[in-house]
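**Q** build me a structure from this.
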Amino acid sequence: MQFAETLKRIRIKSGKSRYRLAQYSGLSEPYILRLESGERANPSRDVVMMLGTALAQGVSSIEIWDIDALLLSADYAPLRRRGEGSGSAPGADGPEDSSQ
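**A** Here you go, the predicted structure:
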């Protein structure tokens, strides 16, 4: 699924208008319209994260998987979660049990 379709689907799921999404994200409403229409492609990861967090703000229907879908549709890696580290520094995935 393309980014434009994913953004629009998640925005509708959140119940937010483009105007409200613009207010929450700090992006302009015309820019969001261009992203949803596909006229503007390849947003930066920062923009995708701003949109994802704005869509999730104050809404229980948007979950982390929706933000992951938005990131993946823009060809970015999904969010990392605890325990998903590969080759990361000790302690990066949370505290280890050192009582053994």
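**Q** could you use CA atoms for every contact and neighbour count after this?
**A** OK.
**Q** for this protein, give me the ranges with low pLDDT.
**A** Low-confidence segments of the chain (pLDDT under 70): 1, 82-100.
**Q** could you list every helix and strand in contact with whichever strand or helix holds W65?
**A** Per DSSP states H and E, W65 falls inside helix 64-73. Under the contact definition 3 or more Cα pairs under 8 Å, 6 or more residues apart in numbering; DSSP states H and E, helix 64-73 sits against helix 3-14, helix 45-56.
**Q** could you look up the next helix or strand downstream of the first one?
**A** The helix or strand immediately downstream of helix 3-14 is helix 18-25, counting by DSSP H and E.
**Q** now the helices and strands packed on helix 64-73 in CSV, with distance to E36?
**A** Listed next are the helices and strands packed on helix 64-73 as CSV, based on distance: least, Cα to Cα, whole Å:
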stretch, distance to E36
helix 3-14, 4
helix 45-56, 12
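**Q** closest to A74 out of the ones you listed?
**A** With Cα to Cα as the measure, helix 3-14 is the member of the helices and strands packed on helix 64-73 nearest A74 (5.3 Å).
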